[in-house]
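Asker: Return atomic coordinates for the entry below.
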Amino acid sequence: MDDQRDTQGVPPTRPLIAITPWRRTLPTFVHPQTDLYTLAPYYPDGVAKAGGQSAVVPAVATGLEAADLMARFDGLILSGGDDLDPSLYEQDNTASHQPDKEADESDIRLLHAAIAQDKPILAICRGAQVANVALGGSLHQDIWGTSVSHPARHSSDDPVADADQFLANRHTVTIEPGSILATILGSTTTETNSLHHQSVDRAADGLRVVGTADDGIVEALEHESHPLLAVQWHPERLSHHQPLFDWLVEQAIGDTR
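Answerer: Numbers count the residues shown, from 1 in each chain. Below you'll find the model as predicted:
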């Protein structure tokens, strides 16, 4: 798309998608405990393949900061990461790993800013949970090992092999006929990965459940009046789910016209 030109020979503007990072502490040559914004390349790759461009956005401390930041973008991806702080949905922490309430609240502010500005949103894994909690829903704090669709992650003497097996886990999701997701994927069933250990419990008002696993776990939601699609799996790691990124960029293009 970079080689395309309009009638005046000017490159067309590609929609710009904001992507939230996973903020975590990792060892670097600077320090063994380095505070970093991290993002797997699969997210921006998906946006680029769809014809868009993207940028990682920092945490925002206020709603005004979120509004100002989102005004510069045409869409939003809420990416994966650590578990949400259960206090945000009025529960004690019984199984949530390394919650970071500051990061949670930043993502929630960005989501509300995108909705207020009518910007399309693709919420992925943790992002789907952020969307549900931000709009008043709740979560199951641990679903690993509850069914064949959501097996436990086993630790072993070979962490690489264990990780490879974990990444290879797949299960089927049944999609509501007539939903946006069914239209995007051209099917009422799809195969997804099984990387999440939390999931939606009570769906928020305004969100409609449009995808479930065989065990009844909520796997996809759509907003009733806003271009917001939330999926519990990781489509950026599945080539047959590139259409989700295509949908987001197409929605963002409509916003820029």
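Asker: element containing the nearest residue to H226 once chain neighbours are set aside, please.
Answerer: Closest residue to H226 apart from its sequence neighbours, by CB to CB, 6 or more residues apart in numbering: I115 at 5.4 Å. For glycine as for every other residue, the C-beta is placed from the backbone atoms N, C-alpha and C. According to DSSP states H and E, I115 maps onto helix 101-116.
Asker: Next secondary structure element downstream of that helix?
Answerer: strand 121-124.
Asker: What average pLDDT does stretch 216-236 get?
Answerer: The predicted model gives stretch 216-236 an average pLDDT of 97.
Asker: rewinding a little: so what's the residue nearest to H226 up against?
Answerer: The neighbours of I115, taking CB atoms under 8 Å, 6 or more residues apart in numbering as the test, are 121, 223, 226, 228.
Asker: So which of those residues are in helices?
Answerer: Of the contacts of I115, none are assigned to helices by DSSP state H.
Asker: and of those residues, the nearest to H234?
Answerer: I121 (16.4 Å; CB to CB).
Asker: Across the sheet, point out what pairs with the closest one.
Answerer: Beta-bridge partners for I121, by DSSP bridges, are L76, L228.
Asker: you'd agree it is up against F73?
Answerer: No. If you go by CB atoms under 8 Å, I121 and F73 don't touch, sitting 10.9 Å apart.
Asker: name the element P243 belongs to?
Answerer: Going by DSSP H and E, P243 is in helix 242-256.
Asker: How about that helix, which residues are buried there?
Answerer: 243-253, 255 (16 or more other CB atoms under 10 Å).
Asker: What of stretch 229-244?
Answerer: Result for stretch 229-244 [16+ other CB under 10 Å]: buried residues 229-238, 241, 243-244.
Asker: Is it possible to get these out as JSON lines so that each row also shows distance to C125?
Answerer: Output for the buried residues of stretch 229-244, formatted as JSON lines (distance: CB to CB, whole Å):
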{"residue": "L229", "distance to C125": "13"}
{"residue": "A230", "distance to C125": "9"}
{"residue": "V231", "distance to C125": "8"}
{"residue": "Q232", "distance to C125": "6"}
{"residue": "W233", "distance to C125": "7"}
{"residue": "H234", "distance to C125": "6"}
{"residue": "P235", "distance to C125": "9"}
{"residue": "E236", "distance to C125": "10"}
{"residue": "R237", "distance to C125": "10"}
{"residue": "L238", "distance to C125": "12"}
{"residue": "H241", "distance to C125": "12"}
{"residue": "P243", "distance to C125": "18"}
{"residue": "L244", "distance to C125": "12"}
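Asker: which residues touch L195?
Answerer: 80, 125, 166-167, 169, 233-234.
Asker: Okay, now the unreliable bits of the stretch 1-150 of the chain?
Answerer: Scanning the stretch 1-150 of the chain for pLDDT under 70 picks out 1-12, 145.
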